[in-house]
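Participant: show me the folded form of this:
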Amino acid sequence: MALKNIIGQDRALKVLLGTLVRDRVPSALLVSGEAGIGKRAAALSYAKAVNCSTPVQGDSCDTCGSCRKIQSGAHPDVTVLAPEGDEIKIDTIRRVIEALTLSPFEGKKKVVIIEEAERMNRSAANAFLKTLEEPPDHSLIVLLSSNPDGLPSTIRSRCAAVRFNPLSAGVSEGLADDRLTDSDRAFVTRLVAGRPGLSMTRDFAEERQRFAEHLDSMLRGEPGQVWQDRTEMKSWIEMALVYLRDLAVKVVTGRKDLLFFSDAGGQDDLGKILQAFQRLESLKALMELNLNRQVSWSYTSVTMRETLGTEGGHGR
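Facilitator: Numbers count the residues shown, from 1 in each chain. Modelled structure (predicted):
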């Protein structure tokens, strides 16, 4: 899509289109905002506009050969990179640097888009900094990050910053995956909180079922159940935070219509609920440290049993 067709990010798009209209495309951009908010789509749209054969008021035509190739991932001058595993390693950054030193094959600029740029390890970040300090004239580097503070300040300071914000509930619901049922659509729209892209990449109905099963195991004190990997652990804790949020809302307002989990149940001590929420928030923040899943499961189990007891809801 062209930049003008991206919905709900008027302020960010005004900045991006302004650089194109004035022919002031920066050598490096840092596009930040939460996951699922449209950063990758915007970066590809910007790459289209930069290399478009027949631009319209600075924006891409979205129909020329260059635009179509970028959209399909077949353009020789546009590269999109993502972390391999938990980090972006120096070998990946070296390939980026090598690609940027070459002249464009058929476009106007070489464009490299790096997803989750904050995952560059120290060696990769140090190597990349040299390229940012002296970027080739024909290059454009776009860093995408949901945690820009995780990038070294020396890298952030050398990029033009563009911030994407969560979308409104109405816009998010309109962009949600069409395969969702009406009940799941309402649940997912509220859960993604203005990040509609998440509904395209994650099966929240399945995650909700898995959350309920693990929660039941925890409340029964079963030691054997453990998350399969860090991704499952993160998604479960995110669901648990929503569940605890529901408990707090229920205690304060008594209104079930405000809940994500209609059967959320547990004790009515708001202090203990908020304490449990803070514990899991802290655990989530430490996940980048490659926490031991068994120890984390035990810690979370104790927290949930203390908050919900053995008679808590099932999160369905």
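
Participant: from here on, just use CA atoms for contacts and neighbour counts.
Facilitator: OK.

Participant: just want the most central residue of this structure.
Facilitator: Ala35 (1.5 Å; Cα atoms, centre = their mean).

Participant: so, low pLDDT: which residues of the stretch 151-300 of the chain?
Facilitator: Applying pLDDT under 70 to the stretch 151-300 of the chain flags the ranges 166-205, 224-225, 260, 262-264, 267, 288.

Participant: ranges for the strands of it?
Facilitator: For the stretch 151-300 of the chain, strands defined by DSSP state E, counting those that start in this stretch occupy the ranges 160-163.

Participant: quick revisit: spatially nearest residue to the residue nearest to the centre of the chain (excluding sequence neighbours)?
Facilitator: Nearest in space to Ala35, with sequence neighbours left out and distances taken as Cα to Cα, 6 or more residues apart in numbering, is Ser146 at 5.8 Å.

Participant: for Leu286, see how far away that neighbour is.
Facilitator: According to Cα to Cα, to the nearest Å, Ser146 and Leu286 sit 16 Å apart.

Participant: and these two? which has more neighbours close in?
Facilitator: Between Ser146 and Leu286, Ser146 has the larger neighbour count (other Cα atoms under 10 Å), namely 20 against 11.

Participant: hmm, back to that, hmm, the residue nearest to Ala35 is touching Ile37, no?
Facilitator: No. Checked against Cα atoms under 8 Å, the pair Ser146 and Ile37 is beyond contact range at 9.4 Å.

Participant: can you give me the domain assignment for the chain?
Facilitator: 3-165, 203-311 (automatic domain parsing).

Participant: quickly note the distance from the residue nearest to the centre of the chain to Glu222.
Facilitator: Distance from Ala35 to Glu222, by Cα to Cα: 33 Å.

Participant: the helix or strand where Ile70 lies packs against which elements?
Facilitator: Here Ile70 sits within helix 65-72, counting by DSSP states H and E. Under the contact criterion of 3 or more Cα pairs under 8 Å, 6 or more residues apart in numbering; DSSP states H and E, helix 65-72 touches helix 39-51.

Participant: can you name the residues in contact with the helix it packs on?
Facilitator: Helix 39-51 is touched from outside by 1-3, 6, 16, 20, 31-33, 55, 58-62, 66-67, 70-71, 78, 107-109, 111, 113, 115, 142, 144, 164, with contacts defined as Cα atoms under 8 Å, 6 or more residues apart in numbering.

Participant: give the contact list for Leu283.
Facilitator: Contacts of Leu283 by Cα under 8 Å, 6+ apart are Ser296.

Participant: Ser66 now?
Facilitator: Listed by Cα under 8 Å, 6+ apart, the contact partners of Ser66 are 48, 51-53, 75, 107.

Participant: ok, so of these, who is nearest Val226?
Facilitator: Among those, His75 lies closest to Val226 (Cα to Cα), at 42.7 Å.

Participant: distance of the closest residue to that closest one other than its chain neighbours from Ala82?
Facilitator: Nearest residue to His75 in three dimensions, chain neighbours excluded: Lys69, at 4.8 Å (Cα to Cα, 6+ apart). Separation of Lys69 from Ala82 (Cα to Cα) stands at 19 Å.

Participant: what of Ala276?
Facilitator: 34 Å.

Participant: same check on Glu222?
Facilitator: 37 Å.

Participant: related to what we said a few turns ago, which ones among the contacts of helix 39-51 lie within helices?
Facilitator: If you go by DSSP state H, the contacts of helix 39-51 have 16, 20, 66-67, 70-71 in helices.
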